[in-house]
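Peer 1: Output the structure for:
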Amino acid sequence: MDSQPPLFRLDASAGDLHGENRRLRAIGPAVRVRLPGGVPAWVLTRHQLLQELLADPRTAKDPAHWSALRAGEVPEGWPLIGMVTNRGMTTADGEEHRRLRDLVAQAFTARRVTAMRPRVEAITRSLLDALAGGGTGPVDLRRHFAYPLPMAVIGDLLGVPDERFDDFRNLSASLTSSVTPPEETLTTQQRLHALLADLVADRRKRPGEDLTSQLIAARDDGDRLSEPELIGTLVLVLVAGHGTTLNLITNATAALLTHPEQRAAVTTGQRPWDAVVEETLRWDPPVAHFPLRYALDDIPVGNVVIPRGEAILASYAAAGRDPDRFGPDAAEFDTARPRPTHLSFGHGPHYCLGAALARLEAGIALPGLFGRFPDMELAVPRAELVPLPSFVSNSVQALPVTLYGG
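Peer 2: Next up is the predicted model:
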């Protein structure tokens with residue numbers, strides 16, 4: 001078996017994400033790729049294989065297992081270094097992972113998520129009222145609807161002051177970008193950690209019912225959480241807690257605006273809104289390639305071997321359109337598709353804690369938006385929507401629409 005095939009250069013700007021994934025699937029189930037800075041990694045392109053790997057004990061999330069990082073082969077200021085070295089549950093394994101996850105899980109129980117519904121509904125109504133009063137010209141739905149809803153929800157959860165929302169949004173976008181310059185990468189990490197340190201200091205003085213206060217209590221009342229783990233956990237909850245839902249609402253809205261028959265089916269009640277949410281998660285997931293896992297042993301995959309110590313991207317976008325799993329029409333957006341068992345919130349011990357909250361927010365936002373503005377349409381051709389410059393965060397930079405009425 002050939003353990004070191006040629007490297008496929010992954011487009012850092014994600015200019016043609018789904019076309020690139022189609023080419024990767026054609027190469028094979030596991031493809032060795034080159035990330036920005038010449039960093040090698042592997043992409044798994046098939047649903048079944050990725051599902052198995054996400055629960056495979058031969059892989060780990062702790063970057064201490066990454067041979068390229070240990071050898072100094074990851075350039076200083078590498079765009080995604082903040083994500084893959086952040087001290088939190090997404091970079092921890094085993095008992096350490098369970099300890100960190102349990103501290104956050106209390107905020108995302110089924111009962112607490114259900115209790116958030118009235119607040120999500122109120123924020124949605126307020127945002128729709130603001131859109132209706134904003135005039136008749138085109139409006140960027142990503143900026144003025146899909147972003148402020150999850151940001152307000154996660155801000156409530158963490159106790160983030162409203163005036164800090166835009167700072168956190170901009171820093172989160174920089175953190176997940178694949179094309180961030182090295183100097184900006186370092187500055188982003190410093191500013192984000194400084195803002196969260198300020199939040200922690202404030203919550204220490206004025207503790208509340210928010211998750212930040214609860215994590216501080218775990219930090220200060222014992223040895224369950226170190227200071228770096230406290231900040232790292234807040235980074236994770238903040239970035240994932242609003243970014244995933246922001247992209248989900250944006251991508252679902254764009255999908256319906258460009259598939260009129262699907263839009264008609266849900267707005268007339270022929271199909272449920274949760275079918276839109278789940279099909280969007282499969283077809284155009286909020287996270288394209290999640291970094292990183294590391295092979296703890298040589299792992300044979302088809303006719304190649306992923307060597308011990310090499311990095312692996314969880315390619316949700318490639319797996320979501322895998323024809324072996326979803327049939328020959330896998331590349332089509334179809335809300336009538338039997339409920340897809342997609343992997344877009346992960347699988348196994350690292351399954352996304354916020355999945356239920358993201359579904360709740362999207363399940364309220366989408367029918368509210370299309371119910372309030374039934375004649376809404378894109379203000380530009382679909383081809384003019386510009387992708388986010390990231391192979392991690394999958395969406396468009398702006399979603400300009402003409403609302404009509406409301």
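Peer 1: three-state assignment of residue 352?
Peer 2: coil (DSSP: H, G, I helix; E, B strand; the rest coil).
Peer 1: Over to residue 217?
Peer 2: helix.
Peer 1: Nearest residue to it in space, ignoring adjacent ones along the chain?
Peer 2: With CB to CB, 6 or more residues apart in numbering as the criterion, residue 217 has its nearest non-adjacent residue at 7.4 Å, and that residue is residue 207. In this view, the C-beta of every residue, glycine as well, is placed from N, C-alpha and C.
Peer 1: Was I right to think the one you found contacts residue 213?
Peer 2: Yes - under the criterion of CB atoms under 8 Å, residue 207 makes contact with residue 213 at 4.1 Å.
Peer 1: Mind jotting down where the strands sit in the stretch 301-406 of the chain?
Peer 2: 304-306, 311-315, 377-378, 400-402 (DSSP state E, counting those that start in this stretch).
Peer 1: longest helix anywhere in the chain?
Peer 2: Longest helix in the chain, counting residues (DSSP state H): helix 227-257.
Peer 1: now it: how far from the chain's centre is it?
Peer 2: How far helix 227-257 lies from its chain's middle: 5 Å, per CA atoms, centre = their mean, to the nearest Å.
Peer 1: ditto for stretch 198-216
Peer 2: Per CA atoms, centre = their mean, the centroid offset for stretch 198-216 relative to its chain is 25 Å.
Peer 1: repeat for stretch 190-198
Peer 2: In terms of CA atoms, centre = their mean, the centre of stretch 190-198 is found 21 Å from the chain centre.
Peer 1: for it, what is the average pLDDT?
Peer 2: Taken as a whole, stretch 190-198 has a mean pLDDT of 90.
Peer 1: for that stretch, which positions count as buried?
Peer 2: 192-193, 195-196 (16 or more other CB atoms under 10 Å).
Peer 1: contact partners of that stretch?
Peer 2: By CB atoms under 8 Å, 6 or more residues apart in numbering, the surrounding residues in contact with stretch 190-198 are 82, 164, 167-168, 171-172, 175, 231, 234-235, 238.
Peer 1: In PyMOL, how would I select just the buried ones from those?
Peer 2: Buried subset of the contacts of stretch 190-198, written as a PyMOL selection, criterion 16+ other CB under 10 Å:
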select buried, resi 82+168+171+172+175+231+234+235+238
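Peer 1: Greatest separation within the contacts of stretch 190-198: which pair is it?
Peer 2: 82 and 164 (18.5 Å; CB to CB).
Peer 1: Run through this protein and note the low-pLDDT ranges.
Peer 2: Scanning the chain with the threshold set as pLDDT under 70 gives 1-5, 135-136, 222-223, 340, 406.
Peer 1: ok, longest strand in it?
Peer 2: For the chain, the strand that runs over the most residues, judged by DSSP state E, is strand 289-295.
Peer 1: Show me what that one is in contact with.
Peer 2: Under CB under 8 Å, 6+ apart, the answer for strand 289-295 is 10, 41, 43, 53, 58-63, 65-66, 80, 83-84, 306-318, 346, 391-392.
Peer 1: Tell me what angle it forms with strand 311-315.
Peer 2: Angular relation of strand 289-295 and strand 311-315 on a 0 to 180 degree scale: 140 degrees, by axes from the mean of the first three to the mean of the last three CA atoms, to 10 degrees.
Peer 1: now strand 289-295, how far from the chain's geometric center?
Peer 2: Distance, centroid of strand 289-295 to centroid of chain: 14 Å (CA atoms, centre = their mean).
Peer 1: how about that strand: buried residues?
Peer 2: 289-295.
Peer 1: residues contacting residue 252?
Peer 2: Taking CB under 8 Å, 6+ apart as the test, what residue 252 contacts is 276-277, 280, 362, 366.
Peer 1: Give me the distance between it and residue 100.
Peer 2: 30 Å (CB to CB, to the nearest Å).
Peer 1: Tell me which stretches of the stretch 301-406 of the chain form helices.
Peer 2: When assigned using DSSP state H, counting those that start in this stretch, the helices of the stretch 301-406 of the chain occupy the ranges 316-320, 323-326, 355-372.
Peer 1: Nothing else from me, thank you.
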